[in-house]
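# Here is my input, please return the structure:
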Amino acid sequence: MKNPSREEMKEIFGKSKRIAVVGLSDNPAKTSYMVSEVMQKAGYEIIPVNPQIEEALGVKAVASLKDIEGHVDIVNVFRRSEYLPEVAREFAEIDADVFWAQLGLANEEAYQFLKEKGYTVVMDKCIKVELAMIQ
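Numbering: from 1, shown residues only. I've put the predicted structure just below:
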């Protein structure tokens, strides 16, 4: 698995506006909430994707990626690695631009599936840390 270069990361952040966060918690003590809050404050539109919650960060949650209206630039995933292939298939159905699995998450099957379809894939990287590194 090969992640995009620093230059490619800069490009991803520069052209992205909407980030769907799969597994976003409504608990401010959880990593998914803290990371998404930083991204929201940096100017990105955050869309919580979690059937277990009503809302997070002041935004109504949706049950799945397919429930999102309009184009999604980045799908940032906070689900265990074994769920990544399932999320990757849903990602391909909505034709988002970048599949991003958070720090500690990686799955070869999901990676190969998405790369074969020509998608940009980031795995085992924290989106908040990567954003800070290019600024």
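
# my read: residue 131 touches residue 42, true?
Yes - counting by Cβ atoms under 8 Å, residue 131 touches residue 42, with 6.3 Å between them. Using the backbone N, CA and C atoms, a C-beta is placed for each residue, glycine as well.

# So the two - more neighbours on which side?
residue 131 (18 against 12; other Cβ atoms under 10 Å).

# Now name the helix or strand holding the more buried one.
helix 127-134 (DSSP states H and E).

# Please point out which parts of that helix sit buried.
Judged by neighbour count (16 or more other Cβ atoms under 10 Å), helix 127-134 contains these buried residues: 127, 128, 130, 131.

# helices or strands up against that helix?
Packing partners of helix 127-134 (3 or more Cβ pairs under 8 Å, 6 or more residues apart in numbering; DSSP states H and E): helix 6-15, helix 31-41.

# CSV please, covering those helices and showing mean pLDDT, distance to residue 104 and mean neighbour count.
Listed next are the helices and strands packed on helix 127-134 as CSV, based on pLDDT from 0 to 100; distance: least, Cβ to Cβ, whole Å; neighbours: other Cβ atoms under 10 Å:
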stretch, mean pLDDT, distance to residue 104, mean neighbour count
helix 6-15, 96, 18, 14
helix 31-41, 98, 10, 18
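
# Could I get the full set of strands for this structure?
18-22, 45-49, 55-56, 59-60, 74-77, 98-101, 120-122 (DSSP state E).

# Residue 28 against residue 36, yeah?
No - using Cβ under 8 Å, residue 28 makes no contact with residue 36, being 10.4 Å away.

# From residue 22, how far off is residue 68?
Using Cβ to Cβ, to the nearest Å, one obtains 11 Å as the distance from residue 68 to residue 22.

# what's the answer for residue 86, then?
Residue 86 is 10 Å from residue 22, by Cβ to Cβ.
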